[in-house]
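Visitor: Fold the following, please.
(chains A, B, C and D)
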Protein chains: 2
Amino acid sequence: MRPGEKIVPIRDQIADQLRSDIIAGELAPGTKLNEQGLATRFGVSRGPIRDVLLQLTKEGLLVTRSNVGASVSEMLSPELQSLMVDIRRRIESHAAKQLKGLMTDEDFEALDYILDQFQTAFETRDFTAVTKADIEFHKYLVEKAGGQELVNLWYPVVLRMRMNYKRIDSPEDGVDEHRAIVDALRADDTRRVTAALKANIR
Amino acid sequence: MRPGEKIVPIRDQIADQLRSDIIAGELAPGTKLNEQGLATRFGVSRGPIRDVLLQLTKEGLLVTRSNVGASVSEMLSPELQSLMVDIRRRIESHAAKQLKGLMTDEDFEALDYILDQFQTAFETRDFTAVTKADIEFHKYLVEKAGGQELVNLWYPVVLRMRMNYKRIDSPEDGVDEHRAIVDALRADDTRRVTAALKANIR
DNA sequence: TTATTGTACATTGTCAACAATTACCTTAAT
DNA sequence: ATTAAGGTAATTGTTGACAATGTACAATAA
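Guide: From the prediction side, this is the model:
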């Protein structure tokens, strides 16, 4: 197989799809997810669907009650929301420290590519794609800094934060903010990276 | 049915068992978990086992590779470990704030009961039970303060922290530290609660 | 009318068989 | 001896059928 050609298990694809739907608000909080329905929709049996529902439940996007099923989580209380922001900042600040002297040309190339997608998505008003690119950008840094381990901690926090945003407050200056982060990373200036991240996370 | 008599699904019981084994160190990092083996051991089919493995993977205790299987996670790096401590303190400090004026007599009764178990477990040198009681204590507070939502965020952090402890450093004065927390809660003194929690989390 | 009980239906939980993928071991060539 | 290729066994992924549970509604009694 050609290197770089990666195989994505169907269950991950289904999970991505549902995550997008939830974050984009197409599945409103409280919406009940029927296993058989999803199975038919995605053309698989209920087995993989159950895996996906369990996964999204652990990520905080769904709430599952025994023998009843899964439904989309309600919005976070303001208190929890600000706690999430706080924790996410902590994690990414931590990542910024670890990244000192670690970024390679390939990394910057990858980040630039993600930012291009971000820009395009923003210009075409595809806010779902904007959100995905935004998450992808930060995820790249978090993974680079702390590996899958850190991503696993960080991911549920971001998802829960994103769930609470309306599509309207997609930041006009999101691209600039992210470019500021990349610039600070290029300068290998941890303090500036941290500051740029804090400004971007809200 | 009498209230308080709760039904625990077998899959949760299996998950609890495996969690204990991992945290107690009986399943060393890197140990591969065989689905069929676990199924036979617990007398169920592979279905529920797969659910459990996926769950523990999301909690960070296991690492799963596609088409290969699940194995016990490796220890955290010192950097990640201290980040975990930091985040856990943030969460429980947040909980402390929310608990102001919220604790009832029933709550204190429940906490005292957990502490009794803690004491007994410690005296009989059952360190697995000590750990469970310890986690149960903090979990009670976190859930009371922020509901299942907050527990879902907090739980993986605690589990990953606990995994890295040897049984030897089971604190001699764990009981006292927890009594201090309860006392501060009784006095409804948020600052003291926070301080007591911070001292206990390490 | 209201509360309760029983019944039918829909949905989730579990299971065992089958398919797909990976890991291991044997064999052969350099 | 080392490495590569092939085949076999073990393991995970998926499926459809069946069991267990919960929900909704209708019938009944207070």
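
Visitor: And the residue of chain A closest to DNA strand D?
Guide: Closest residue of chain A to DNA strand D, Cβ to the nearest atom of the strand: residue A:47 (2.1 Å). Every residue, glycine included, has its C-beta placed from N, CA and C.

Visitor: Quick check: next helix or strand after the host helix or strand of that residue?
Guide: Assessed by DSSP states H and E, residue A:47 sits inside helix A:46-58. The helix or strand immediately downstream of helix A:46-58 is strand A:62-65, counting by DSSP H and E.

Visitor: Can you give the strand pairings for that next one, parallel or anti for each?
Guide: Strand pairing for strand A:62-65, using DSSP bridges, gives strand A:69-72 (antiparallel).

Visitor: Quick check: mean pLDDT of the helix or strand following the partner strand?
Guide: Next helix or strand after strand A:69-72 toward the C-terminus (DSSP H and E): helix A:78-99. What helix A:78-99 shows for mean pLDDT is 97.

Visitor: Next: stretch A:164-175.
Guide: For stretch A:164-175, the per-residue pLDDT values average out at 69.

Visitor: mind checking the end-to-end distance for that stretch?
Guide: Stretch A:164-175 has an end-to-end distance of 21 Å (Cα to Cα, to the nearest Å).

Visitor: For chain A, which residue gets nearest to DNA strand C?
Guide: Counting by Cβ to the nearest atom of the strand, chain A gets nearest to DNA strand C through residue A:69 (2.8 Å).

Visitor: Farthest from the middle of chain A: give me that residue.
Guide: Relative to the centre of chain A, the most outlying C-alpha is that of residue A:67, 29.4 Å out, by Cα atoms, centre = their mean.

Visitor: Correct me if wrong: residue A:150 contacts residue A:95.
Guide: Yes. Counting by Cβ atoms under 8 Å, residue A:95 is a contact partner of residue A:150 at 6.9 Å.

Visitor: Please tell me how far the residue farthest from the centre of chain A sits from residue B:7.
Guide: In this view, residue A:67 and residue B:7 are 10 Å apart by Cβ to Cβ, to the nearest Å.

Visitor: by contact count, what packs against the helix holding residue A:47?
Guide: helix A:10-23, helix A:35-42, strand A:62-65, strand A:69-72, helix B:46-58 (3 or more Cβ pairs under 8 Å, 6 or more residues apart in numbering or on different chains; DSSP states H and E).
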